[in-house]
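*Asks:* heads up, no residue letters with this:
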Ligand code: DQA
């Protein structure tokens, strides 16, 4: 069973990008943590990042065969109908992930265009958001809280 973790624009800069908001961990650090955690739970991980909206759409399409999809769509969270449409085709659980809590921030970040296609949202816990989202995805897939 594979879980896809898809990351949108500017997340390749984590570590140096506004560390007071996003923390000092790099995306490679987060990937390593996610791989280790999912492996310990018996899942394979597909971890991807792109700055390009259409590529993110294609990554979602390719993730339709996965057991669950985590997505930090970054700036496209607030703008992309194409991404919403792609996510609406995914039958598996989809978890929207954010490092920061968008609701604590500027009004432009308060609306998620993709939320209607997502099972739930985990935001505001920094890199821990990814691990919490993995646990949520695994619980949903395995049908247990264990
Ligand atoms: C983000 C929040 C978005 O508003 C922002 O555009 C990002 C990162 C987060 O993980 O906190 O790029 O998705």
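*Replies:* Happy to help now that I have it. Note that the structure is a prediction, hence the values are computed from the model and not measured.
*Asks:* Flag the shaky bits of this structure, pLDDT-wise.
*Replies:* 146 (pLDDT under 70).
*Asks:* Look up the closest residue to residue 95, ignoring the ones flanking it.
*Replies:* Spatially, and ignoring its direct neighbours in sequence, residue 95 is nearest to residue 133 (4.5 Å; C-beta to C-beta, 6 or more residues apart in numbering). Every C-beta, even on glycine, is put in place using the N, C-alpha and C of the backbone.
*Asks:* Correct me if wrong: that neighbour contacts residue 99.
*Replies:* No: look at residue 133 against residue 99 with C-beta atoms under 8 Å: they stay out of range, at 11.0 Å.
*Asks:* The two - which one has more neighbours?
*Replies:* residue 133 (27 against 23; other C-beta atoms under 10 Å).
*Asks:* Enumerate every residue touching the more buried one.
*Replies:* 70, 95, 97, 122 (C-beta atoms under 8 Å, 6 or more residues apart in numbering).
*Asks:* Can you give me the buried ones in whatever helix or strand residue 85 lives in?
*Replies:* Assessed by DSSP states H and E, residue 85 sits inside helix 81-87. Within helix 81-87, the residues scored as buried using 16 or more other C-beta atoms under 10 Å are 83-84, 86-87.
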